[in-house]
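Asker: okay, predicted coordinates and the sequence, questions at the end:
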Amino acid sequence: MPPVILFFLITSLTIGTSIVFSSSHWLLAWIGLEINSLAIIPIMTRTHNPRATEAVTKYFLTQAAASATILFATLINATHTGEWGLQCLTDSFSILIITTALCFKLGLAPMHVWMPEVYQGVDLLTAMLLATWQKLAPFSIIMQLNPGSSNFLFFMGMLSVLIGGLGGLSQNQMRKILAYSSISHMGWMIIILQYQPQLTLLALLTYLVMTFSMFMVLHITDATDMNRLAMSWAKMPVITALTPLILLSLGGLPPLTGFLPKWLILAELAKQGLGAMATIVALTTLLSLYFYLRLGYAIFITISMNTNLGTTTWRQKATKMLLPLAASTMMTLASLPLAPSLLALLTIT
């Protein structure tokens, strides 16, 4: 893809997300979502193969259906209330439909089936965009909805944490594993949204940093499955040694950064008198932690028979974007001591 076209598409993604962030009108928010969807589709087709075409088709159909549903629900709400503001969504039926459509865009269970297949059909950098940047616009809208559908959101969050943990157990492809990881993390954010939105923002920020770090490691080492991940020692031993720590941070193991939002979310659920729910969510996290540990085992314990430890350096692919990876990895592994400052900052905002 020519750099000028790629720059135009990335700019369109930024503009679409900015429109959603700054809009208080449903029509403008819908336009921003459509700009986002239309800009990401040419980026997904950079690799010309049948898997990419299949992924683009699935992504387009799901996003178009969700966008049409959002527009339909806003029209129903405008008919009843005569208002188009995001804060004026009072019709219960419209709230339910819009919440379902936004959860469809985010890939929450049980509307998650499209996510693993779409991630698997595109390259690693495009999958990183889908897992990080494309979550921001629909998530900003769902945070502004009236709490009329809070029980529905809580149920979907619990189901997402469970399915995200179970779905990744039998996977061997890294993009599918990170897709189920995304489903699980989205479930954590949705569970706590109605009780403490600041914790939702904190969980979103940590998720973005950790997912960016993991995708960048996979991109630099060119590891798309567990076997290639086990072979990455010969290419970049330092980055490969840090990869299990990033995976454990995604799993929420202390004292890494990923432990911070899960610890605070469980504490808040217990404070709200939902100790049983907090226990169930904590137990389902063990499922996610298992397949993260399985990946760490593949890196540290097993070495592929095809690995050539004597490969000369000039045969290796040139490394790129190591500075962003270093910064995000540091934040992924060592941000837990900054918890009071982060919470104070989110409370002020």
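Answerer: Yes, it's here.
Asker: quick one: contacts for Glu54?
Answerer: Contacts for Glu54 (CB atoms under 8 Å, 6 or more residues apart in numbering) come out as Glu117, Gly121. All C-beta spots, glycine's among them, are computed from the backbone N, C-alpha and C.
Asker: so how far is Thr347 from it?
Answerer: Distance of Glu54 to Thr347, given as CB to CB, to the nearest Å: 45 Å.
Asker: same thing with Met216?
Answerer: Separation of Met216 from Thr347 (CB to CB): 30 Å.
Asker: these two: who's more crowded?
Answerer: Shown here are Met216 and Thr347; by other CB atoms under 10 Å, Met216 has more neighbours (23 against 8).
Asker: the more buried one against Met128, yeah?
Answerer: Yes. Contact criterion CB atoms under 8 Å: Met216 and Met128 qualify, at 7.5 Å.
Asker: beyond the helix or strand encompassing Leu218, next helix or strand please.
Answerer: Remark: Leu218 resides in helix 197-221, with elements defined by DSSP states H and E. For helix 197-221, the succeeding helix or strand toward the C-terminus, using DSSP H and E, is helix 226-230.
Asker: ok, residues contacting the helix or strand following that next one?
Answerer: Once helix 226-230 ends, the next helix or strand along the chain (criterion: DSSP H and E) is helix 237-251. Outside helix 237-251, the residues that touch it by CB under 8 Å, 6+ apart are 181, 185, 210-211, 213-214, 217, 220-221, 229, 232-233, 256-259, 285, 288-289, 292-293, 295-296, 299-300, 325, 329, 332-333.
Asker: in the strand or helix carrying Leu346, what counts as buried?
Answerer: For Leu346, the host element (DSSP H and E) is helix 339-348. Neighbour counts using 16 or more other CB atoms under 10 Å place Ala339, Leu342, Leu346 of helix 339-348 among the buried residues.
Asker: next: stretch 116-133.
Answerer: Of the residues in stretch 116-133, 116-122, 124, 126-133 count as buried by neighbour count, 16+ other CB under 10 Å.
Asker: pick the one among the residues you listed closest to Thr74.
Answerer: Using CB to CB, Trp133 comes nearest to Thr74 of the buried residues of stretch 116-133, at 23.8 Å.
Asker: surely the closest one touches Leu13?
Answerer: Yes. The pair Trp133 and Leu13 qualifies as a contact (CB under 8 Å) at a distance of 6.4 Å.
Asker: returning to that earlier point: the helix holding Leu346 - contacts with which helices or strands?
Answerer: Applying 3 or more CB pairs under 8 Å, 6 or more residues apart in numbering; DSSP states H and E, one finds that helix 339-348 makes contact with helix 197-221, helix 259-271.
Asker: who's in contact with the last one?
Answerer: In this case it means helix 259-271. Contacts for helix 259-271 (CB under 8 Å, 6+ apart): 188, 191-192, 195-196, 199, 202-203, 206-207, 249, 252-254, 275, 277-278, 281-282, 285, 335-336, 339, 342-343.
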